[in-house]
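Q: this one's sequence-less:
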């Protein structure tokens, strides 16, 4: 239909405008824009998924490319939160379908995509309880007992949260509520959702709404813990995290003399970066998927390059853990792949 | 190693005349003898020629299927089902024949003959059926136990009950829940083969139309199951499009001391009736479902009460105020209930009343529900004291006296009180009283962070509290952050054993320059949560007051 | 998980009517009651001055501070005294924030 296409073109232009406004933390301007489009007859769901969601993806890219500061990124996201709230306040269909609890994984702060899902489900006629970001598992379970929803939609944006998402997922299923998993943490094709026993998976908010409309099993099917966890590499890595990081900091200081002049803040940041390496390594071991780690390394390399940090620094960190983790065959194999990804070389290490 | 199986009847014929090489061949049995042997066999034998016409029937076969007669095709009349043309050579099949169950095997003898062997397995098969039925019942009850024990939600339990019931017991199943105070009873229904759950409510008058249902809902102690005359069932009892029910059974759900409702089972016309065995199973199932539903109902009641009691202990919503933005975050160490000893609150002057909005952020001694109750008392006391006094430092000393009179064993509180005034050119002025609490931080426009120098003693411990007031001036976009020691004393970090500390908080805050208050608070909370890495030790609270940035 | 260190208490009688209590480990929500119970026992004997050596405390939370206040109040109620003879810089900071440095007798910084 030509009318629809025209509207898409308009939305594209409006999207540029919207991005500019949130980039200036112009809350009223952004809200005026979406409210105006609503008044022009653009459906609320399209505003959420074709205007706000793409703009937020751009925000992430602009931060990664070091074109936007952390403050600007957070400011823009806060404005988008308000814009979503403004749409939700104006379009409130009567619930006609069942009840769904929507939550982010414990420790997860990327709430906006999950919030968008909650609003899309509400627009489609579900009764939605949006529990927000970083929901503690016990709180979610208490909520499930109290409100008895037909399903939980669990968001996980970062692979490092997968072990916690798994715990939450299992706990929801144990109280008899099926789980729809979503978010990039579960893999672009949802393979980790399947691995960890989710009852369903959907790539995006509209797919999730469709999937829920098809109906989830009324009672979840019990699933088995992944067999590869039996080697306990994940468990040991988690347990030794502090010790490994302390060791790695010392090793890095030995290998890189300028570190002696680091400020406390720089030391914290370095320790944090090394911590991220370990967390993604742990996640890769948890789901037994090397790509979780190499994907992180490639992404980090891009972020560091945008900030003028050479890939060598990242590679040095990876090598230190590779040398340290002698009794962890899966971890070492994963690190070798990571070093390749950091440097596009290093296959000689695989001996 | 290779093995070979004798295949085909010709081999068998050869085998039957096989003898050891070189020994004299014994005389074979005569035809009469062979016939007698076949006659005496307990297995039925029907020998046919290549056209499938019966050549010979032994006594056992005649007993099992009297209509098989020599000279007629085997597969004719009532016996046709026994002798399928596609019956694989050598294989056994079980076929029903009148009241009997027969195991049938076909063997070929040369190209001219084949025989059918019949074995009566009726008794054996009945035993197997009974065993299978028993196993189905056991599996059903195990699954029922698993599903019914999962949830503490009444609706989820009732849903599980009806879905389980249609998996084995009936074509449609309905749970009518006891009317909750009002004159309406909620119900849930499931129909075999349909995914969707049906839900609704009925009036007590309607439930009274169904014999036994009102009694079951009222929980009169020993109400047995009742078979209903399907013709008398009111329309609401059956799903749309179900048609006339053949059999209806109403069973009370016995709860733990309280009625848990009733289970209504319907089978379609032409389906089996509820026999005694089915009814026993229904009763056992109803006992489990009833226990689960009533436990859930009890939990729901308690959690509703709990929600009422704790509502005032949760942090308030922060409204949009003239000239300034507020953002707060409270993370409780007690994760299920979200309440604890850290708190913040906002007091707006009543409609038409003079005075500025006042915010408080504090930390009472202890953790969990006990601390939350004291925190709630502090918030209520402040609300009352505000009727008399609005100057923060005087409020603090009044609160100190009120806490000293408190019956709580450790009524110690540290807090920050701030009266919020709007100044000129978009500035916001905070009149602060800091009572034994970590001093607030100020984020200036250039990203620098200052600690407010103000002091005062904690409240509830000393006869006289001394609090020195101080005023903070925020230019547009600048922000004042209140926090509890749960933030700065969080132990974690990369090595897992470092204290977060005030210095880290200050540098984290300085990275928030230019952010809206809500984004700054969320970022600081995120950093703090990541520092703890899942090892939550104490309540953590943050509250930011920001002079609204110029547009 | 951060492993917690338990609270250890060592009672030394230094002079007639004076007892010194050396505390090490964590004085927090889980252990605060121990200190208070012990202090009450000590005061029920003929004790005029309770000296506290807090230099070995790794961690003190608000419940720990509450316990110290309770010990202080008990001492006052019995016409005895409580004196802190040693403490960590962190504790001194904590007492300063809560203005308890105005109340407790502390060693000079």
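A: Yep, it's here. All figures in this text were calculated on a predicted structure; none of them were measured in a lab.
Q: okay, and residue B:416 sits in which element?
A: Using DSSP states H and E, residue B:416 sits in strand B:413-422.
Q: what packs against the very next helix or strand once past that strand?
A: Sequence-wise, the next helix or strand downstream of strand B:413-422 (DSSP H and E) is strand B:428-435. Applying 3 or more CB pairs under 8 Å, 6 or more residues apart in numbering or on different chains; DSSP states H and E, one finds that strand B:428-435 contacts helix B:392-404, strand B:413-422, strand B:470-474, strand B:540-547. The C-beta positions use only the backbone N, C-alpha and C, and glycine is treated the same way.
Q: how about those in JSON lines, adding mean neighbour count and distance to chain A?
A: Formatted as JSON lines, the helices and strands packed on strand B:428-435 follow (neighbours: other CB atoms under 10 Å in any protein chain shown; distance: least, CB to the nearest CB, whole Å):
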{"stretch": "helix B:392-404", "mean neighbour count": "21", "distance to chain A": "29"}
{"stretch": "strand B:413-422", "mean neighbour count": "25", "distance to chain A": "19"}
{"stretch": "strand B:470-474", "mean neighbour count": "18", "distance to chain A": "17"}
{"stretch": "strand B:540-547", "mean neighbour count": "26", "distance to chain A": "12"}
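Q: make CSV out of those and add mean pLDDT.
A: Shown next, in CSV, are the helices and strands packed on strand B:428-435 (pLDDT from 0 to 100):
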stretch, mean pLDDT
helix B:392-404, 93
strand B:413-422, 96
strand B:470-474, 96
strand B:540-547, 97
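Q: just tell me which of the ones you listed ends up closest to residue A:35.
A: With CB to CB as the criterion, residue A:35 lies closest to strand B:540-547 of the helices and strands packed on strand B:428-435, at 24.1 Å.
Q: helices or strands up against the closest one?
A: Strand B:540-547 makes packing contacts with strand B:324-331, strand B:342-347, strand B:358-364, strand B:428-435, strand B:470-474, strand B:479-483, helix B:485-488, helix B:517-532 when contacts are defined by 3+ CB pairs under 8 Å, 6+ apart.
Q: give me the number of residues near the residue nearest to residue B:544 when sequence neighbours are not counted?
A: Of all residues not flanking residue B:544 in the chain, residue B:517 sits nearest, at 4.3 Å (CB to CB, 6 or more residues apart in numbering or on different chains). The tally of other residues near residue B:517 (other CB atoms under 10 Å in any protein chain shown) stands at 27.
Q: what of residue A:41?
A: The number of residues packed around residue A:41, counting by other CB under 10 Å, is 7.
Q: residues touching it, list them.
A: Applying CB atoms under 8 Å, 6 or more residues apart in numbering or on different chains to residue A:41 gives no contacts.
Q: what kind of secondary structure is it in?
A: Recorded secondary structure, residue A:41: coil (DSSP: H, G, I helix; E, B strand; the rest coil).
Q: need the residues of the stretch 1-150 of chain B near chain A, please.
A: For the stretch 1-150 of chain B, the contact set with chain A under CB under 8 Å from any CB of the partner chain comprises B:147, B:150.
Q: from residue B:281, how far out is the residue of the stretch 1-150 of chain B found nearest chain C?
A: When distances are taken as CB to the nearest CB, the stretch 1-150 of chain B reaches nearest to chain C at residue B:150, 28.6 Å away. Per CB to CB, to the nearest Å, residue B:150 is found 21 Å from residue B:281.
Q: all set, thanks.
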